[in-house]
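Peer 1: build the 3D model from these lines:
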Amino acid sequence: MTRPRLRVRTRLLLTIVGALALGLAVALGAFWLVLSERLSASATSLARAQAQAEASSVQIRNGALVLPAVPSGGSGPSQSWLFSGRRPLVSPRATREVQAAARSLAGGPAASLDVGRETRLYAVPVMRNGQRYGTVVSAATLDAYEETTHTALLGGLVLVGVLLTAVAVLSWWILGRVLEPVSRMTEDAADWSEHDLDRRFDLGEPYDELTGLAATLDNLLARIAASMRREQRFAAELSHELRTPLARIRGEAELTLGREREAAEYREALVAVQRNAEQMTGTVEALVAAARHEAASAGFTSDVRDAVSTAVANTREQHPSVRITSSLALASVRVSAESDLVAAMLQPLLDNAARYASSTVSVSVRGSGSAVSIEVDDDGPGVDEAERERIFDPGVRGTAADGIAGAGLGLSLARRLARSAGGEITVAPSDAGGRFLLTLPAA
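Peer 2: Residues are numbered from 1 along each chain as shown. This is a model prediction of the structure:
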């Protein structure tokens, strides 16, 4: 069974009120103890002062105590006994318990003694010239001090209750005002992630908890938006790239099934289906590699020479009539992309160059600081200056493509893959033939 969870506002309120209650309880307890000690000391001082006054008023004549002129008995706030040895000379009216306690102090040193919770006795020796003649015992009632202590404690409890109530109400209001932006930001972030990926809080550089939360939510929304855009782009590109080969496969199948054909025609149709299926496989693998590279939190690195060697070998196999050469550096040339992805970028460029070349395609690699360039040259008709950007649009082919097979998808896919890795593919000026330049960030 799961426990019901309290809201953050309630938990903070309970923490504040609990901490304050504990602090006030400790403070009230300390105050009560100090007050009790002070009042107790005051009662003792009163009894001692009364006893000392009585002792100083006693006279000694012929070695005996002489009673004071003013009798010490009465019903005032304090009473006094006068003892000669242990014999009482003056004994006010009091209970038997108090009388017995007073007699117990006679003949002893200066001392105090509580009788129950109502009376405090204090004994003072009567001394003259270093000789003791008797003892004066004074009594102080503690009722007023007890009442003061209880009143102070009750008042403190009432004050603590009022303070806790006031703090609870004020804290509840303040916490509501403080946490309201957090609730609003959470609701806005949830709504934006559903309907508007480009909305942000944009509170600037974080300087407190709320702006830090806003910056965190902005980063979270940016990652969500980037992830959703990658998924949408991947789906759209996959659909676009596969539409043409799928249409070809379907067309070949419909034509083949439409009428009886010779064995050679069936074989030719199957070869076409296989070729388009292989194109689809290569396209899917390239797009998946690009998506994986974009989504990866850690960067990939590879030696560009491996990718060039792989792409050149594949092109030679597919276009045996074209001479393909490569000029690679002796030392490792590393780029910030995995080798399979670089090969997938380069393969459409080499296929394109081999289809348009008269006889030769050359590949060269050179590094320049923070970038690595792979140059693909062919001795074909080249690319018209006005078409250097258009040929990268999906399905668009240049004027030199007349009579040359192709769907106009390879260059578009190659540029898409290059940009996913932070690189670029462009058509470079050339005196003769075509020249494509693949640029990637160096590792």
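Peer 1: the spatially closest residue to residue 342 that is not a sequence neighbour and residue 30: what is the separation?
Peer 2: Nearest residue to residue 342, sequence neighbours excluded (Cβ to Cβ, 6 or more residues apart in numbering): residue 307, at 3.6 Å. Placement of C-beta: from N, CA and C, glycine included. Computed with Cβ to Cβ, to the nearest Å, the distance linking residue 307 and residue 30 is 78 Å.
Peer 1: who's more crowded, these two?
Peer 2: More crowded of residue 307 and residue 30, by other Cβ atoms under 10 Å: residue 307, with 25 against 10.
Peer 1: show me the contacts for the more buried one.
Peer 2: By Cβ atoms under 8 Å, 6 or more residues apart in numbering, residue 307 lies in contact with 339-340, 342-343, 346.
Peer 1: what's the answer for residue 124, then?
Peer 2: Residue 124 is in contact with 48, 51-52, 54-55, 110, 135-138, counting by Cβ under 8 Å, 6+ apart.
Peer 1: please redo it, this time with the cut-off set to 6 Å
Peer 2: 51-52, 55, 110, 136 (Cβ atoms under 6 Å, 6 or more residues apart in numbering).
Peer 1: so which of those belong to strands?
Peer 2: Among those, the members falling in strands (DSSP state E) are residue 136.
Peer 1: of all the contacts of residue 124, which comes closest to residue 256?
Peer 2: For the contacts of residue 124, the residue nearest residue 256 by Cβ to Cβ is residue 110; the value is 129.2 Å.
Peer 1: next, find the distance separating the closest one from residue 134.
Peer 2: 13 Å.
Peer 1: and the two? which has more neighbours close in?
Peer 2: residue 134 (24 against 14).
Peer 1: and the more buried one, bridged to which residues?
Peer 2: Here residue 134 sits in beta bridges with residue 126, going by DSSP bridges.
Peer 1: surely it touches residue 65?
Peer 2: Yes: if you go by Cβ atoms under 6 Å, residue 134 and residue 65 touch, sitting 5.2 Å apart.
Peer 1: who touches both of those two?
Peer 2: Between them, residue 134 and residue 65 share these contacting residues under Cβ under 6 Å, 6+ apart: residue 84.
Peer 1: ends of stretch 255-264, what's the gap?
Peer 2: 14 Å (Cα to Cα, to the nearest Å).
Peer 1: who are the packing partners of the host helix or strand of residue 340?
Peer 2: In the assignment (DSSP states H and E), residue 340 maps to helix 339-356. Judged by 3 or more Cβ pairs under 6 Å, 6 or more residues apart in numbering; DSSP states H and E, the packing partners of helix 339-356 are helix 263-295, helix 304-318, strand 371-378, helix 410-420.
Peer 1: mind putting these in CSV, mean pLDDT and distance to residue 99 included?
Peer 2: Formatted as CSV, these follow (pLDDT from 0 to 100; distance: least, Cβ to Cβ, whole Å):
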stretch, mean pLDDT, distance to residue 99
helix 263-295, 73, 98
helix 304-318, 90, 114
strand 371-378, 92, 111
helix 410-420, 83, 106
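Peer 1: circling back to that earlier point, now the buried members of the contacts of residue 124.
Peer 2: The neighbour-count test (16 or more other Cβ atoms under 10 Å) marks 51, 55, 136 as buried among the contacts of residue 124.
Peer 1: among the contacts of residue 307, name the least confidently predicted one.
Peer 2: Lowest in pLDDT among those is residue 340, which has 84.
Peer 1: measure residue 314 to residue 153 for me?
Peer 2: Applying Cβ to Cβ, the value for residue 314 to residue 153 is 94 Å.
Peer 1: let me know the outermost residue of this structure.
Peer 2: residue 62 (93.3 Å; Cα atoms, centre = their mean).
Peer 1: got the domain boundaries for the chain?
Peer 2: Residue ranges for each domain of the chain read 19-59+78-196, 212-298, 299-443, as given by automatic domain parsing.
Peer 1: next structured bit after the helix or strand hosting residue 43?
Peer 2: Using DSSP H and E, residue 43 sits within helix 8-57. In the C-terminal direction, the helix or strand that comes right after helix 8-57 (DSSP H and E) is strand 59-61.
Peer 1: what helices and strands are in contact with that following strand?
Peer 2: Packing partners of strand 59-61 (3+ Cβ pairs under 6 Å, 6+ apart): none among the helices and strands.
Peer 1: let me see the mean pLDDT of it.
Peer 2: The pLDDT scores in strand 59-61 average 83.
Peer 1: give me the helices and strands touching the helix or strand just after it, please.
Peer 2: Scanning forward in sequence from strand 59-61 by DSSP H and E, the next helix or strand is strand 64-66. For strand 64-66, not one helix or strand is in contact under the criterion 3+ Cβ pairs under 6 Å, 6+ apart.
Peer 1: who does strand 64-66 pair up with?
Peer 2: Counting by DSSP bridges, the strands paired with strand 64-66 are strand 59-61 (antiparallel).
Peer 1: and stretch 14-26, average pLDDT?
Peer 2: Mean pLDDT, stretch 14-26: 92.
Peer 1: surely residue 316 meets residue 324?
Peer 2: Yes: Residue 316 lies in contact with residue 324 (Cβ under 6 Å); the separation is 5.3 Å.
Peer 1: more crowded one of these two?
Peer 2: Ranked by neighbour count (other Cβ under 10 Å), residue 316 and residue 324 place residue 324 first, with 21 against 15.
Peer 1: residues contacting the nearest residue to the more buried one once chain neighbours are set aside?
Peer 2: Take residue 324 and drop its neighbours on the chain: the residue closest to it by Cβ to Cβ, 6+ apart is residue 361, 4.7 Å away. Residue 361 makes contact with 322, 324, 353-354, 378, according to Cβ under 6 Å, 6+ apart.
Peer 1: save those residues as TSV, and put in distance to residue 44 too.
Peer 2: Listed next are those as TSV, based on distance: Cβ to Cβ, whole Å:
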residue	distance to residue 44
322	118
324	113
353	112
354	114
378	114
